[in-house]
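>>> just the structure for this:
(chains A and B)
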Amino acid sequence: MDAVTKPKLKAKDYQSDIKPVWCRGCGAYSVIASITRALAELQLPREEVAFVSGIGCSSRIPAYASVYGFHGVHGRALPLATGLKIARPELTVLAAGGDGDGFSIGGNHFMHACRRNADITYIVMDNGVYGMTKGQASPTAAPDWTGSVLTPDGPGVPAFRPLEIALAAGASFVARSAANDPAQMKEQIVAAIRHPGFALIHVLCPCVTYRPEQQDEFKARAHADWQPTGDRGEAFNRALVDDGYTTGMLYIAPRPVYAAHPAAPATLDEIAAEFTVG
Amino acid sequence: MDHHSLSIALCGSGGAGVMTAGQMLLDAAATAGAYGLMSKALGPQIRGGEAAALLRLASRPVDSPDDVFDVLLAVDWNNIERFAAELPLQRHSLLIADPAAGVIPPAILKAEPRVVEVPLGALATACGGRVNMVALGLLATLAGLPVEAVEAVIGIELADKGEAAVASSRAAVLAGATAAATIEGIERLPLPATINEGARRWALSGNEASGLGALRAGVRFVAAYPITPATEILEWLAPRLPRVGGSLVQAEDELASINMIIGAAYGGVPSLTATSGPGLALMTEAIGLAVAAEIPLVICNVMRGGPSTGIPTKSEQADLDIALHGLHGDAPHLVTAAAGIADCAFTTQWTVQLAEALQVPGIVLSDQASGQARAIVDALPDPGLRARRQTAEADAEGYMRYVPTADGISPMAIPGTPGGEYTADGLEHAPRGTPSTQAAHHREQLDKRRHKLEQFDYGEDWALCEGDEWADTAVITFGSLTGAAREAVARLNAAGVPVRLLSLRLLAPAQPAAFAAALFGVERALVVEQNHDGQFLRYLRSTCPLPKRTVGHHRPGPVAIRPDEIVKAVMTLIALPQSTLVEEV
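Numbering: from 1, shown residues only, chains lettered A, B, ... in the order given. Alright, predicted model coming up:
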């Protein structure tokens, strides 16, 4: 694109005209704002960005951006994004969704996306609750959280630890931010898009309706203490002692990026001729 | 028995190399100018276990097993009785057994075949070769194949095993041929000295043919999760896609593979995956997404015995119900069926073209009998069908992704196109693509998605109409049974019984008008399919005008439905008194 003739894109140019379904005060507003600011900072042409999601409150996010989007089925944002990225490697591919979408129904894809290391930025808005279905425990809810009638005694299962799983599965970029610090989040998104390979940004993202305590909790307890390390052992040690509220870049390390391998060209006739016998 | 072909079952336990020998026998027949096909019967063991190469060599193309085997050669009897039902013999059949292999199982002797003892193992030991090569030489001689054809195949197949292997194999083949010469009463076995020498011949499996059809149509992205009996489609495509600028990725499961191809197809690249029943079941939610978001893609579903894990290595046509009706909501999509091994290429290619033109998912049904059998066919010319999608132009004013149009097909903006940015959605949507719960939008989009499939002109390829066009009796079938039905109809016509054949390639959307035209003048019909419940008959009854006297002939796998079985069912149907009200026979 010719920078001389095209006006510089601003953050609002990456916003669509659709009004979000989110509740007032939802952490996801901060996420869409940070994404549009990051895209403006990178000056990516809108048509060269594709934004993929699954199902849940936060998965509504692609329609609120003015780039190409895909709101798919529950839990499958990452495979859809992976197919798109491999088939169209020149596109910038973002994926986003909630903790239930990414870590429960989509948990298998999450591990394999970390392993595969296709060049995708994945933003998980974690509030420990299924909001769209009115407040059930998600895999990141505490075992003794009794806020849902579905699990009146609490889920009774230790919370899923996404950053440790990501490191174990081979992720090459792992960060955490909080909805109340959009500047930090924007910096992480810019770095994640620039990072060649799969980048996870775990966002502490309050649900004002079903986890109203989170707004104050995240604000009060989030502490930006991680500086990026390329040492996987050190990253693991940090993740193991993490209180769940540490933000910053946990781990960034180069790893081979998954992409299609070219091969010596052949015509269809040459390929068909392999069947010849006699 | 069909006079122009020779059916051979070559049996032995896993390590005996019967599949290799069967493959080489088929290739030698092709080299000699003949046609044929070979399927594999295998036990459930990963390695070893019972195995049989089932061949039919013929002087013209064949796409079905014959009624019985003319020759059964066993290098040993390891558990072979487990699939004795798949090895039909008759009194004249020649059973060649090694006396050192022990007692012939009673199940094999039931048809009273003529037993000839040949010390296969001892012959192999004497010449320093392998027993399967002795069998190859013996069977090639019985089939009347020239020794040069066998030698040529040995030279190609064993080239990388070194000169010693080639020499010992030649010696073993010669020992087998010499043994064959001592067998009396085999004059009727050899194929006519051949035949059609000018035609360029191909050897390929149905699964490989599906891969070829995909490449020819323009498929350039494939996501793969292995499953029997579909894996060969994916394995054939893996090294070839990059050679035409495409790629294949191995997914973590079928949920991922279907969503990966949705992503790639959304990106503008014609995309495909292959699976079988269990995988198709996992994919159905996302196929519905492709219907709603109007994403073109193709799933090749190679059917096996079901339900559940069923019989993975054996054929059945029992995924018809899930392919037609497995999606939730009103979700019109394409379902096609490949009418045999070679037709896997055409039907896959055609389905990709249709899916792309209609922006809809398509399921191509084949089955283990077509997919994993290997046939010698005349080279398949490229019918020229190509994926062509209606796309949106850059900066189109007021662009709306799902705007209703006369034909129901709306131009699709491909990422990278400025001004076309939209969000594809499984949520019901307004013409712009924005989510909507409004009754009018829901009705409008449901109408649009149904209309685009129903208004489309599918041309002449929707079915194969063959046989006596004036006949008042018809055999109606689909998929891999087309070959057996074709042969049954030809035999009936030759015997003066007028019958026509209708094999449907396009199963959904149903084509009731074309169906009625194809059956004009038909008073009775036999609907033939390989599943327990008669799924095809039930579907036809609900969608197409069937002749009043229509009966179903359906039974499950793994025993193939052979031509003679269809001939008998047709004769039974014809013999029914006019007054009989029939539902099924």
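
>>> low-confidence stretches in the chain?
As the question left the chain open, I've gone with chain A. Counting by pLDDT under 70, chain A shows low-confidence ranges at A:1-4.

>>> that's the other chain; I wanted chain B
B:1-3, B:193-198, B:579-585.

>>> how is it partitioned into domains?
B:5-181, B:203-378, B:390-456, B:462-575 (automatic domain parsing).

>>> would you map the strands across the stretch 151-278 of chain A?
With DSSP state E, counting those that start in this stretch, the ranges of strands along the stretch 151-278 of chain A come out as A:173-178, A:199-204, A:223-226, A:246-252, A:276-277.

>>> between the first one and strand A:199-204, how many degrees?
In terms of direction (axes from the mean of the first three to the mean of the last three C-alpha atoms, to 10 degrees), strand A:173-178 departs from strand A:199-204 by 20 degrees.

>>> is residue 89 in a helix, a strand, or coil?
In the absence of a named chain, this looks at chain A. Of the three states, A:Pro89 takes coil under DSSP: H, G, I helix; E, B strand; the rest coil.

>>> and the gap between the residue nearest to it when sequence neighbours are not counted and A:Thr246?
Closest residue to A:Pro89 apart from its sequence neighbours, by C-beta to C-beta, 6 or more residues apart in numbering or on different chains: A:Ala259 at 6.0 Å. Backbone N, C-alpha and C define where each C-beta goes, glycine included. Going from A:Ala259 to A:Thr246 by C-beta to C-beta, to the nearest Å gives 32 Å.

>>> which helix in the chain has the most residues?
No chain specified, so I'll use chain A. Using DSSP state H to define each element, chain A has its longest helix at helix A:28-42.

>>> my bad, chain B
Max-length helix for chain B by DSSP H is helix B:163-181.

>>> for chain B, what's the nearest residue on the stretch 101-250 of chain A?
Minimum separation of the stretch 101-250 of chain A from chain B (C-beta to the nearest C-beta) falls at A:His112, amounting to 4.0 Å.

>>> next to chain A, which bits of the stretch 301-450 of chain B? Give me the list.
When proximity is defined as C-beta under 8 Å from any C-beta of the partner chain, the stretch 301-450 of chain B approaches chain A at B:376, B:379-380, B:382, B:413, B:415-427, B:434-435.

>>> quick check: B:Leu272 is in a strand.
Yes: counting by three-state DSSP, one finds B:Leu272 located in a strand.

>>> that one against B:Val352, yeah?
Yes: counting by C-beta atoms under 8 Å, B:Leu272 touches B:Val352, with 6.9 Å between them.

>>> which of these two has more neighbours?
Shown here are B:Leu272 and B:Val352; by other C-beta atoms under 10 Å in any protein chain shown, B:Leu272 has more neighbours (34 against 28).

>>> so that one bridges to which residues?
Going by DSSP bridges, B:Leu272 is paired in beta bridges with B:Val222, B:Val298.

>>> so what's it up against?
By C-beta atoms under 8 Å, 6 or more residues apart in numbering or on different chains, the contact set of B:Leu272 is B:Ala214, B:Val219, B:Phe221, B:Val222, B:Ile261, B:Leu297, B:Val298, B:Ile299, B:Cys300, B:Thr348, B:Val352.

>>> end to end on stretch B:449-467, go ahead and measure it.
Terminal residues of stretch B:449-467 lie 36 Å apart, using C-alpha to C-alpha, to the nearest Å.

>>> and A:Cys13, its phi and psi?
Slight slip there: residue A:13 is Asp, not Cys. phi -70, psi -20 (degrees, to the nearest 10).

>>> how much space between it and chain B?
From A:Asp13 over to chain B the distance is 11 Å, taken as C-beta to the nearest C-beta, to the nearest Å.

>>> ok now do that residue, which residues does it touch?
Counted by C-beta under 8 Å, 6+ apart, A:Asp13 has contacts A:Thr36, A:Ala40, A:Arg46, A:Ser66.

>>> how about the residues you listed in a markdown table, adding neighbour count?
As requested, those are exported to a markdown table (neighbours: other C-beta atoms under 10 Å in any protein chain shown):
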| residue | neighbour count |
| --- | --- |
| A:Thr36 | 24 |
| A:Ala40 | 18 |
| A:Arg46 | 17 |
| A:Ser66 | 23 |
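
>>> TSV please, covering those and showing distance to B:Ala485.
Shown next, in TSV, are the contacts of A:Asp13 (distance: C-beta to C-beta, whole Å):
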residue	distance to B:Ala485
A:Thr36	61
A:Ala40	64
A:Arg46	55
A:Ser66	56
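
>>> circling back to that earlier point, quick one: which of the contacts of B:Leu272 has the most company?
B:Ile261 (35 neighbours).

>>> on the three-state scheme, that one is what?
Applying three-state DSSP: B:Ile261 is helix.

>>> okay, the closest residue to it other than its chain neighbours and A:Val174: tell me how far apart.
Distances taken as C-beta to C-beta, 6+ apart put B:Ser271 closest to B:Ile261, at 3.9 Å, once the chain neighbours are dropped. Distance check for B:Ser271 against A:Val174: by C-beta to C-beta, it reads 30 Å.

>>> shared neighbours, B:Leu272 and B:Val352?
B:Ala214, B:Val219, B:Val298.

>>> check contacts around the last one.
Shown in contact with B:Val298 (C-beta under 8 Å, 6+ apart): B:214, B:219, B:271-273, B:348, B:351-352, B:355, B:361-364.

>>> in CSV: these, plus secondary structure.
CSV is the format used below for the contacts of B:Val298 (three-state DSSP):
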residue, secondary structure
B:Ala214, helix
B:Val219, coil
B:Ser271, strand
B:Leu272, strand
B:Thr273, strand
B:Thr348, helix
B:Thr351, helix
B:Val352, helix
B:Ala355, helix
B:Pro361, strand
B:Gly362, strand
B:Ile363, strand
B:Val364, strand
